[in-house]
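Undergrad: Provide a 3D model corresponding to the input given below.
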Amino acid sequence: MPNSYFQFKQFRVEQGRAAMKVCTDACVLGAYAGVDGAARILDVGTGTGLLALMVAQRNAEARIDAVEVDEGACAQATDNANASPWAGRIRVIRGRIQDYDPGIRYDLILSNPPFYENHLKRPAAAQNVALHGEALSLPELAAAVHRLLGPAGRFVVLLPPYQAGRLEALLFAFHLFPADHLHLHDRPGAPPIRRITTYTSTSPDPCRETELFIRDATGAYTDDFVRLLKPYYLYL
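TA: As a prediction, this is how the structure comes out:
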């Protein structure tokens with residue numbers, strides 16, 4: 001049974017009311033996404049508020065809006081934000097990103113979206129929303145990013161490789177192009193389990209390609225993983 005909370009160096013994430021718990025790949029996204037120069041940040045599908053909290057730690061000035069459709073997760077994210085050192089800079093909003101209209105555009109949008117579209121559904125309704133794309137499909141996510149991202153903004157998203165390729169094609173139609181691919185592997189020799197992609201409105205030539213291995217052949221965290229997560233994980 002997952003722990004009811006996950007303790008980081010500067011904040012705690014309570015997760016008992018959220019369907020999706022803190023996981024390693026989401027932590028990599030929060031630590032990897034470029035936040036420099038971003039005054040307004042949007043977290044799409046915040047869940048526990050993990051990504052909003054992680055980027056608040058690294059960007060001392062940004063105002064962060066975190067949108068979440070699930071009532072329990074939204075309440076959990078609100079409590080986590082209010083208990084953090086950055087309560088005054090994180091705003092949690094309950095609602096669908098498809099309907100969200102803040103009247104501004106964002107410098108940075110982050111998302112760890114649902115990705116088990118069309119797969120066998122789980123019994124819990126909240127997990128179906130969180131995992132199966134019932135509340136947010138990839139075309140809807142692409143359209144929302146196009147609508148809410150500023151002209152010089154960046155969109156950073158975590159998905160399994162197949163879904164990442166689908167989203168890339170959708171975003172291309174909105175003239176958003178991959179600038180950076182981080183391929184996340186469990187260990188050397190294993191295929192990538194996730195891809196973190198940074199999109200911009202300009203098309204770099206070529207897109208930067210990087211690999212990150214979570215553990216080495218002995219099962220220990222790799223040096224690259226430790227460097228990335230050390231500001232967050234208690235025992236690194």
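Undergrad: show me where this structure has helices.
TA: Here the chain has its helices, by DSSP state H, at 24-32, 50-58, 71-82, 125-132, 138-148, 161-172, 223-229.
Undergrad: by residue count, which strand of this structure is the longest?
TA: strand 149-159 (DSSP state E).
Undergrad: packing partners for it?
TA: Using 3 or more CB pairs under 8 Å, 6 or more residues apart in numbering; DSSP states H and E as the contact test, the elements touching strand 149-159 are helix 24-32, strand 106-111, helix 161-172, strand 192-200. (C-beta placed from N, C-alpha, C; glycine too.)
Undergrad: so how many other residues sit close to the nearest residue to residue 37 once chain neighbours are set aside?
TA: Spatial nearest neighbour of residue 37, chain neighbours left out: residue 107 (6.9 Å); criterion: CB to CB, 6 or more residues apart in numbering. Residues within reach of residue 107, counting by other CB atoms under 10 Å, total 20.
Undergrad: got it, and residue 61?
TA: Per other CB under 10 Å, the neighbour tally for residue 61 reads 10.
Undergrad: hmm, back to that, strand partners (parallel or antiparallel) of the longest strand of the chain?
TA: strand 106-111 (parallel), strand 192-200 (antiparallel) (DSSP bridges).
Undergrad: can you list the buried residues in that strand?
TA: 149-150, 153-159 (16 or more other CB atoms under 10 Å).
Undergrad: go on, stretch 72-87?
TA: Those would be 73-74, 76-78, 80-81, 84, 86, for stretch 72-87 by 16+ other CB under 10 Å.
Undergrad: am I right that residue 201 is in contact with residue 175?
TA: Yes. The criterion here is CB atoms under 8 Å, and residue 201 meets it with residue 175 at 6.1 Å.
Undergrad: neighbour count for those two, which is higher?
TA: More crowded of residue 201 and residue 175, by other CB under 10 Å: residue 201, with 17 against 10.
Undergrad: got the contact list for that one?
TA: The contact partners of residue 201, taken as CB atoms under 8 Å, 6 or more residues apart in numbering, are 149, 151-153, 175-177.
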